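Chemist: show me how the following folds:
(chains A and B)
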There are 2 protein chains.
Amino acid sequence: MDLVTLRDVQAAAVRIERIAIRTPLLPFGEDFWLKPENLQPIGAFKIRGAANAIAALEPSAVITHSSGNHGRALAYAAARRKIPVTVVMPDTSPKVKVDAIAALGAEIVMVPPPQRLEVAEKLAAERGATLIPPFDHPEVIAGQGTIGLEILEDLAEQPEADVIIVPVGGGGLISGIAAAVKALRPACRIIGVEPELAAESAESLQRDRLIKWPTEKTYQTVADGVRTAPSALTFAHMREYVDDIITVSDEEILKAVGVLATQARLVVEPSGAISVAAYLYRRGFLPGGRTAAVISGGNVDPELLRSCL
Amino acid sequence: MDLVTLRDVQAAAVRIERIAIRTPLLPFGEDFWLKPENLQPIGAFKIRGAANAIAALEPSAVITHSSGNHGRALAYAAARRKIPVTVVMPDTSPKVKVDAIAALGAEIVMVPPPQRLEVAEKLAAERGATLIPPFDHPEVIAGQGTIGLEILEDLAEQPEADVIIVPVGGGGLISGIAAAVKALRPACRIIGVEPELAAESAESLQRDRLIKWPTEKTYQTVADGVRTAPSALTFAHMREYVDDIITVSDEEILKAVGVLATQARLVVEPSGAISVAAYLYRRGFLPGGRTAAVISGGNVDPELLRSCL
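Modeler: Predicted coordinates:
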């Protein structure tokens, strides 16, 4: 299977320059830094992959079946390039999510949850639109990988990064970061983090084959952005480039959300805080050294945030 | 009176490079951007002025009488350069503030509130330490002005900035920004914002003389970082360079804190949110065009933040 290369990620970095923010690396204690992707437009790193896929593929129209941060990101990136965008959403989606995507100018198609992928594929074929999935695509992975380039650049002088901690859901984010970083600095360890309740990538790596857990289990974690299992493509990247995947409890995730709000002044969603939870509460499972944690997103329910303060 | 020049601010930008963060400019709606200084180490723009004063003056030891963000900033910047630092604090200071400054390695001297300045001056003389006040100093003002350079750089291509909105307390922040921006782009309007309950700079500009309000009045605003009146030095900058100062109510300030948390994913203190409150709720008092609002800091009590969500 062809893996994403450093050159793919470097090309993505140029393509996304005017849509994604160059997020800063924020010092947060001794030899520890935060990469706050919650500050991106639409509040998540997904803008990078979506913007790169659109710029690289030059589609006449795009479509996706993600109702979360990727759906919002694709709608935002498509609007910036004035390309029609359709988002197929489960008819059970909360109104606030539907409104956020509609406000970006996307056409919304509501379907029963199990039909999402099928309807998206059918509409793509009918309309000649390009289907851009949330993580299972080389250009999406390459876009997310630009975060790795930026971390290495920002830590290059001080001296270099020893460890990068990355939240893992479908695995697009860690695949891109790992592919770029291992090419530039093989000694840097790439550590994934999953909630204990949705640790499919950790188990897959351990057993060396792709494992899926029942959604009844994974949907219990509060970290709703990382309930997904990897694809064959992202799993191939993880086998090749990722050093370890560790897990954190939901309790630790919520504590990290509170710490980030009060001490780093960042509003972070549970999925975005799992990397910091690992650093704060599972230090024994991490290699030592100069460490950066990726904060993947910040779209958290105000009620939930309030309960973490 | 000698005002701070563009050259002073440009020199400051080089001096503070390794201590302050180069904060990004975050798009937040059509033709509106946020400059999130709450993301600085210690959570406020004050790190810029403190770091510049220390680097420019090369003192053997420093002292200040601010117990707020400037005190923390000076302690942080001094520690990074391994210079002894003393912070004279009112003996009524909350323990959390004292601990935060002590944790940075500063010596704390507790005194009854009215004696702060006097004790600081006496200790400075006795110990040969340099007194670095929170805003009434050209090198502090020059350091804060680096924010203006960064905003113009980041908006230079898209095309340029038409309006910059800045919170006003003692006036160091707006003085530095205005001095730099008016030299580079005279057409850009610099608009200050104060709470209605502490609008001493607005009234001073109107009457064209320095006005002080009784602290019984100014201490009523929730925006505790901007309860201060300008000094002769900062007032001279405002007269020369600031286009207007407008006011916002405490209710509007607290609403802005909530909007920033839920929609911009930033934890902001009331003083830091007043610029955004002006944009959201007093648009009629602002010139139109491409607008950036400076968010000055994020050290907010979790209780208060919770009440804004």
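
Chemist: is residue A:143 in a helix, a strand, or coil?
Modeler: Put simply, residue A:143 is helix when judged by DSSP: H, G, I helix; E, B strand; the rest coil.

Chemist: can you tell me the closest non-neighbouring residue to it?
Modeler: Nearest residue to residue A:143 in three dimensions, chain neighbours excluded: residue A:52, at 3.1 Å (C-beta to C-beta, 6 or more residues apart in numbering or on different chains). Placement of C-beta: from N, CA and C, glycine included.

Chemist: quick one: that neighbour is in a helix?
Modeler: Yes - counting by three-state DSSP, residue A:52 is found in a helix.

Chemist: that one and residue A:19 touch, don't they?
Modeler: No - between residue A:52 and residue A:19 there is no contact under C-beta atoms under 8 Å: 9.0 Å.

Chemist: coming back round to it: contacts only, for the residue nearest to residue A:143.
Modeler: Residue A:52 makes contact with A:12, A:15, A:16, A:139, A:140, A:142, A:143, A:146 under the criterion C-beta atoms under 8 Å, 6 or more residues apart in numbering or on different chains.

Chemist: give me the number of residues near the third one?
Modeler: Residues contacting residue A:16 under the criterion other C-beta atoms under 10 Å in any protein chain shown number 25.

Chemist: pLDDT weak spots in chain A?
Modeler: A:157-159 (pLDDT under 70).

Chemist: chain B contacts on the stretch 201-309 of chain A?
Modeler: Proximity of the stretch 201-309 of chain A to chain B (C-beta under 8 Å from any C-beta of the partner chain) is limited to residues A:261-262, A:265-268, A:298-299, A:302-303, A:305-306, A:309.

Chemist: make a markdown table from those and add secondary structure to it.
Modeler: Formatted as a markdown table, those follow (three-state DSSP):
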| residue | secondary structure |
| --- | --- |
| A:261 | helix |
| A:262 | helix |
| A:265 | coil |
| A:266 | strand |
| A:267 | coil |
| A:268 | coil |
| A:298 | coil |
| A:299 | coil |
| A:302 | helix |
| A:303 | helix |
| A:305 | helix |
| A:306 | helix |
| A:309 | coil |
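
Chemist: need the buried ones from those residues selected in ChimeraX.
Modeler: Only the buried entries of these go into this ChimeraX selection, using 16 or more other C-beta atoms under 10 Å in any protein chain shown:
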select /A:261,262,265,266,267,268,298,299,305,306,309
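
Chemist: of all the residues of the stretch 201-309 of chain A next to chain B, which two lie farthest apart?
Modeler: Pairwise distances across these (C-beta to C-beta) peak at 20.1 Å, for the pair A:265 and A:303.

Chemist: list the buried residues in stretch A:94-111.
Modeler: Using 16+ other C-beta under 10 Å as the test for burial, stretch A:94-111 gives A:97, A:98, A:100, A:101, A:104, A:106, A:108, A:109, A:111.

Chemist: what's the span of that stretch, first residue to last?
Modeler: End-to-end distance for stretch A:94-111: 13 Å, by C-alpha to C-alpha, to the nearest Å.

Chemist: what about that stretch and chain B, touching?
Modeler: No - figure legend: stretch A:94-111 not in contact with chain B (C-beta under 8 Å from any C-beta); closest approach 10.3 Å.

Chemist: what does that stretch rub up against?
Modeler: Stretch A:94-111 is contacted from outside by A:67-68, A:71-72, A:74-76, A:78-79, A:84-91, A:93, A:119, A:123, using C-beta under 8 Å, 6+ apart.

Chemist: return the subset of the residues you listed lying in helices.
Modeler: In this view, these that belong to helices under DSSP state H are A:71, A:72, A:74, A:75, A:76, A:78, A:79, A:119, A:123.

Chemist: any chance of those in a markdown table, plus neighbour count?
Modeler: Formatted as a markdown table, the ones in helices among the contacts of stretch A:94-111 follow (neighbours: other C-beta atoms under 10 Å in any protein chain shown):
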| residue | neighbour count |
| --- | --- |
| A:71 | 28 |
| A:72 | 27 |
| A:74 | 33 |
| A:75 | 26 |
| A:76 | 23 |
| A:78 | 26 |
| A:79 | 15 |
| A:119 | 17 |
| A:123 | 19 |
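
Chemist: many thanks, I have nothing further to ask.
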